[in-house]
Each structure stands twice: as structure tokens, then as C-alpha cells.
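> Take a look and give me a structure for this.
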Amino acid sequence: MYKRILVATDGSKLSKMAVDHAINLADITGAEVVALKVVPRYPQTYFEGGVALAANEIARIEKQWHDEAMATVTAVKSAGQLREVKVKPITVKSDLIAEAVIAAAKRNKCDLIVMASHGRRGLKRLLLGSETQQVLTHSHIPVLVLR
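Reported below is the predicted structural model:
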């Protein structure tokens, strides 16, 4: 049925549920899992009164974020090994999370994307946005959303 499943995670309790479901589904179908964590770039501020950091400090912060992201996806790999499911841990640096998820799924030839959603509605959804909603509306690959 599925050959390669991409699971997007941020390490939160909610995304761990998506990870568990992706690993279970991969175990049942004999699929591989691609564990993805999107790492944002350090925001640059150009507003008056904003404090600009030195380039080496920004690089240190971004490296820390990358290392934390690798720890998150490596934990998914460890969880997969317990179920004898092959997991490929990857991180991507991007400010556009939904686009990065879709691009990673295409690049890794995934045939399913698994994500979690907070299920926000109304004004909260409008103000906070939803990366899951963006993936749902723009992906040509099937998306499994867990709440």
C-alpha cells in the first residue's frame, strides 16, 4: 500500500502522536518512514531599536536549532528501530514550513504525509495560521492529519 511515509514532527506531545501513528502504519504496510523537522532561519530585524546580532552569534543559534532538530528526528529513528521500521531522519532549513514539508515529501518519493493538527478554529486559526492546512491544500500527495 504505502512504500515511504513522511512524518513531520516538531517534538511536541501532539506531533509524537503523529510519529507513533506513522511508525504503526509503516509497520503494518512494510513502508519506510522519513522523519522531518523543519528548522527556521534566525529572523533578521530591521526595525528601529531592534538589536542585530553578530553573524557568528546567529550561526551559533542556528546550529543549536539544527542540533535540537536532529535530536528530535533521531528519536523518531530510535522509536522505529524498536518496531523494526526503517526511519530516515532529515532536517530542512526553511521559513516556509508547509512548502518545505511538501518539497521533502516529493524529494524523498513519499506516498503519504502524516502530520498533527491542533484543530484551531475561528479567530485563533486565522491569526495563528495552520501549517497542516497549508500542506492539505497544496500537496498532491495524500495527507493524514491527526488531532
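> contacts, neighbours, all on C-alpha from now
Will do.
> For the residue nearest to residue 134 when sequence neighbours are not counted, grab the count of nearby residues.
Residue nearest to residue 134 in three dimensions, not counting chain neighbours: residue 98, with 5.9 Å by C-alpha to C-alpha, 6 or more residues apart in numbering. Look at residue 98: counted by other C-alpha atoms under 10 Å, it has 22 neighbours.
> show me the contacts for residue 98.
Contacts for residue 98 (C-alpha atoms under 8 Å, 6 or more residues apart in numbering) come out as 131-132, 134-135.
> Let's have those residues in TSV, adding neighbour count and secondary structure.
Compiled in TSV, the contacts of residue 98 are given as follows (neighbours: other C-alpha atoms under 10 Å; DSSP: H, G, I helix; E, B strand; the rest coil):
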residue	neighbour count	secondary structure
131	17	helix
132	22	helix
134	14	helix
135	21	helix
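> Could you export these as CSV, including pLDDT and distance to residue 3?
As requested, the contacts of residue 98 are exported to CSV (pLDDT from 0 to 100; distance: C-alpha to C-alpha, whole Å):
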residue, pLDDT, distance to residue 3
131, 87, 24
132, 88, 22
134, 91, 24
135, 93, 20
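> so residue 111 makes contact with residue 26?
No: here residue 111 does not reach residue 26: they are 11.6 Å apart, not a contact under C-alpha atoms under 8 Å.
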